[in-house]
Structures are given as C-alpha cells and as structure tokens.
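**Q** Just a sequence and a predicted model for now, questions to come.
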Amino acid sequence: MGDNIIGFLQSTGFYGMTPGNVVMIVVAIVFFFFAIKEHYEPLLLIPIGFGILIGNVPLSFTNISTPPLSYLYLGVIQGIYPPLIFLGLGALTDFSYIIANPKLILLGGAAQFGIFGTLLGALALGFSPQDAGSIGIIGGADGPTAIFLSAALSPKLIAPIAIAAYSYMALVPIIQPPFMKLLTTRKERLIRMNPIRECSKLEKMIFPVAAFLVCTLIAPRATVLLGMLFFGNLLRESGVTDRLSNTAKTAFIDTVTILLGISVGASASAEIFLTKTSLTIFVLGVTAFSLATCSGVIFGKLMNWLSKDPVNPLLGAAGVSAVPDSARVVQMVGAKEDPNNFLLMHAMAPNVAGVIGSAIAAGVIWSMFG
C-alpha cells in the first residue's frame, strides 16, 4: 500500500514540477494580466497563455507530441492556420484608405526595414540563413506570417518565434510610443492630414484582384497568404457574398484563432522555451519591432519634407502589421498633442500596407533561403 501511495505521489505534477515550469506558468499569468487588465490583444494572449499552462503541466500526457494536441499542432507546423487567419483578416479589412491615398503604402514598405535589418543581425550572431529569416519576420509584428515562414524554413523555432511575434503585437502600446516621441517634434506630431476622399465600389472590387496579381508576381511564395487575404476582401466588397464574408470575419476567424493560440502556447514548454536560443530570439524580436517602428517614422518625416501635402510622421509607426493596434497607437500619441487631430483612418493605410508588406517580405525570404 505504501509503495502505491509513493507511486501515485511520484506520478503527480507536483513531483515533476521544475523551476522552468514555474517560470512558464508565471509567463502565462503575465499574459492573462495584460489581456484582462490592460486589454492588450486579449483574443490572442488568453488562448496562448492557457496553452502555455497546458504545455507546462509536468509528466502530462497531453502535449504537442501526443494526441489530441498533436493533431491541432499540425495546423501550425504545416502552415495551415496562417492562411485561414488571413482569409478572415481580408474580410475584416477596408482597403479604401490605401486606395484613397496610395502614397502611404510607402510607409508600410519602409517599416519592413526592421525585418531585413534583424535578419542581418541574426546572421551576424551565427544563426543559419533560414533561422535568421524566420526571426527577422518578427519585425513585421505579424504572428500568422511569422508562423507561416517558420513552418517553411525553421520548424524547430516555431514556438519561440510565434510567442515573440504575438507578444510584441500585444505590447504595441508600450513599445512604440517612446520611439515615436523620440523621433518626432511636437510640431510634427501636430500635423493634420488632408481629408480622405471617398472611394467608389468599383475601386474597392478592383483593388483586391489587381493587388493580388502585382504582389504575387513580385513574391510568388507569398501567394497562399496574399491570396486568402485578397479573396476575403473580395468577399467583403463584392456585395453578393455577405454570408461568406460574415462567416469569415466572425465565427471562422475566431475558431482558427482559438486553435492557433492554444497550439502555439502548448508548444512553449520550459525545456523548449527557456533556452539561450529562445531568449536570443526574444531580444532580436524586440529589436526587429523597434527598428520597424523607427524606420517607418523616419520615412514619414522624409515624406513630409518632400510631399506637397502634409504627412504626419507618426503614421510611419503604423507600418508594422499589428492591425489595428499600431494605428490606434498613432491616434493615441497624436491625440495627446491635439485631441482634435484624428489620425486613425489615415494610419490604417500604412497599417494594412504593413500586412501586405510583411507577407511579401516572407515570400522574398523564403525564395532566397528556402
């Protein structure tokens, strides 16, 4: 009887608990705090946080290497979930901000410097080209794209790269404002944009088709992501597929987000996550995100100097593809200087362009190193 009791005690999670498991459980609780108390990306951080709890129960028979989580995790390692997320994102997105002021696309492109700058930094630190490319894409602040590229080039690094990408997406309101204020003057932050023109229905229907062809001819490896993004948008704008559009932007994307969040979180076990490589990825990730923010703002300043129409440099910070949080941060920082300066709708143009830009960057990197 005594041996049975001892055997039971040794089979419990309490017996197998390691300091690493405790650290990861604390990380999950921190995610819950930011999601619930601060409202930072709760739809992402709560599923990921709970997945971290699941993945760090010691001696558990429920992890990403055993059913049923192993089946759910196939959607991550096979790159299935990211295109499905892009479908819902396309159905949610109004591209009229880009159509009305296409030059703001350049701000979304400028922010991709964070991706390629960090890629070079990761190469200098000794990462392989494939791993460096996957790490660099964190600078786009685009979780699905980071997972998509990592699944293709660096499957072993999916967990830390995905957690880093989604963490920095959630921490946009903390990370970006200091750089935005540092790189701009109060006079620049007070700049008011010209009113946005209204786009016709025909323009909105033509755009996803034309943009898909142009972007995928540049980066064919990004066809799956961009195809689903623009397909979702055409469902939205066509006016004849409301049922499909409404499903894609509500129940469908919510379901995929839950599965993706739980799967990614459960992959972040202590033995996988608390390593020198993973911690280095986190440092490089925040570097990438910071570089993307700075390069966008600096390019915004340049556009303002060269353009005959005023361009508020703060809009450059929205070039990272954390939609719509980075656009909201632009509005927040601008409103602190002038509560009547409404930048949100203008910021959506580089914000959406950043989504497209990070997908193209992923396609280019995959073509180079795949």
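**A** Done, it's in. Numbers count the residues shown, from 1 in each chain.

**Q** I'd like to know which helix or strand in the protein has the lowest mean pLDDT.
**A** helix 2-11 (a mean of 71; mean pLDDT, DSSP states H and E).

**Q** Downstream of that one, the next helix or strand is which one?
**A** helix 13-16 (DSSP states H and E).

**Q** Output that next one in CSV with nothing but the alpha carbons.
**A** Output in CSV follows, covering the C-alpha atoms of helix 13-16 (Å, rounded to 0.1, in the frame of the first residue of the first chain):
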residue,chain,number,x,y,z
GLY,A,13,2.7,17.1,-11.5
PHE,A,14,3.8,18.5,-8.1
TYR,A,15,6.5,15.8,-8.0
GLY,A,16,7.7,16.6,-11.5
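
**Q** Pull up the gap between Ala327 and Leu244, please.
**A** 26 Å (CB to CB, to the nearest Å). Where C-beta positions appear, they are placed from N, C-alpha and C, glycine not excepted.

**Q** Who has more neighbours out of the two?
**A** A direct count of neighbours by other CB atoms under 10 Å for Ala327 and Leu244 places Ala327 higher, at 27 against 17.

**Q** you'd agree the more buried one is up against Phe342?
**A** No. The pair formed by Ala327 and Phe342 falls short of the contact definition of CB atoms under 8 Å, at 11.6 Å.

**Q** what sits up against stretch 116-132?
**A** 133, 135-136, 138-139, 153-154, 157, 280, 284-285, 287-288, 291, 295, 361, 365, 368-370 (CB atoms under 8 Å, 6 or more residues apart in numbering).

**Q** Any of the residues you listed buried? List them.
**A** With burial judged by 16 or more other CB atoms under 10 Å, the buried subset of the contacts of stretch 116-132 is 133, 135-136, 138-139, 153-154, 157, 280, 284-285, 287-288, 291, 295, 361, 365, 369.

**Q** show me where pLDDT drops low in the chain?
**A** Applying pLDDT under 70 to the chain picks out residues 1-3, 9-10, 60-63.

**Q** State the distance from the nearest residue to Gly79 once chain neighbours are set aside to Phe212.
**A** Leaving aside its chain neighbours, Gly79 sits nearest to Ala151 (4.0 Å; criterion: CB to CB, 6 or more residues apart in numbering). Taken as CB to CB, the spacing of Ala151 relative to Phe212 amounts to 22 Å.

**Q** Leu182 now?
**A** When Leu182 is compared with Phe212 (using CB to CB), they lie 37 Å apart.

**Q** These two: which is more packed in?
**A** Between Leu182 and Phe212, counted using other CB under 10 Å, the more crowded position is Phe212 (19 against 9).

**Q** Spell out which residues sit in contact with the more buried one, please.
**A** Leu226, Gly227, Phe230 are the contacts of Phe212 under CB under 8 Å, 6+ apart.

**Q** Name the helix or strand for Ala35, please.
**A** helix 19-36.

**Q** Return the set of buried residues in the next helix or strand along the chain from that helix.
**A** Sequence-wise, the next helix or strand downstream of helix 19-36 (DSSP H and E) is helix 42-55. By neighbour count on 16+ other CB under 10 Å, the buried set for helix 42-55 is 42, 44-55.

**Q** Tell me the one of the residues you listed nearest Ser263?
**A** Nearest to Ser263 out of the buried residues of helix 42-55 is Gly51 (CB to CB; 6.6 Å).

**Q** Please give me every residue in contact with the residue positioned nearest the centre of the chain.
**A** Nearest to the geometric centre of the chain sits Asp142, at 2.0 Å (CA atoms, centre = their mean). Listed by CB under 8 Å, 6+ apart, the contact partners of Asp142 are Ala165, Met169, Val320, Ser321, Ala322, Gly354, Val355, Ser358, Ala359.

**Q** mind putting these in CSV, distance to Phe113 included?
**A** Shown next, in CSV, are the contacts of Asp142 (distance: CB to CB, whole Å):
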residue, distance to Phe113
Ala165, 17
Met169, 18
Val320, 11
Ser321, 14
Ala322, 16
Gly354, 12
Val355, 16
Ser358, 12
Ala359, 16
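
**Q** Counting neighbours, what do you get for Ala251?
**A** Using other CB under 10 Å, Ala251 is surrounded by 11 other residues.

**Q** what's the answer for the one 10 residues further on, then?
**A** The number of residues packed near Gly261 is 24, by other CB under 10 Å.

**Q** May I have the residues that are in contact with the nearest residue to it once chain neighbours are set aside?
**A** Leaving aside its chain neighbours, Gly261 sits nearest to Pro47 (2.6 Å; criterion: CB to CB, 6+ apart). Pro47 makes contact with Thr257, Ile258, Leu260, Gly261, Ile262, Gly265, according to CB under 8 Å, 6+ apart.

**Q** Of these - the most surrounded one?
**A** Most surrounded of the contacts of Pro47: other CB under 10 Å gives Gly265, at 30 neighbours.

**Q** quick revisit: how much space separates the residue nearest to Gly261 from Thr216?
**A** Taken as CB to CB, the span from Pro47 to Thr216 is 30 Å.

**Q** is it true that Ile281 touches Ala164?
**A** Yes. Using CB under 8 Å, Ile281 makes contact with Ala164 at a distance of 5.8 Å.

**Q** List the residues that contact Met205.
**A** Leu234, Glu237, Ser238.

**Q** Show me which helix runs longest in this protein.
**A** helix 276-306 (DSSP state H).

**Q** Tell me which helix or strand comes right after that one.
**A** Downstream of helix 276-306, the first helix or strand assigned by DSSP H and E is helix 325-337.

**Q** Distance to Thr118 for the contacts of Pro47 - can I get that in TSV?
**A** Shown next, in TSV, are these (distance: CB to CB, whole Å):
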residue	distance to Thr118
Thr257	26
Ile258	30
Leu260	23
Gly261	24
Ile262	28
Gly265	24
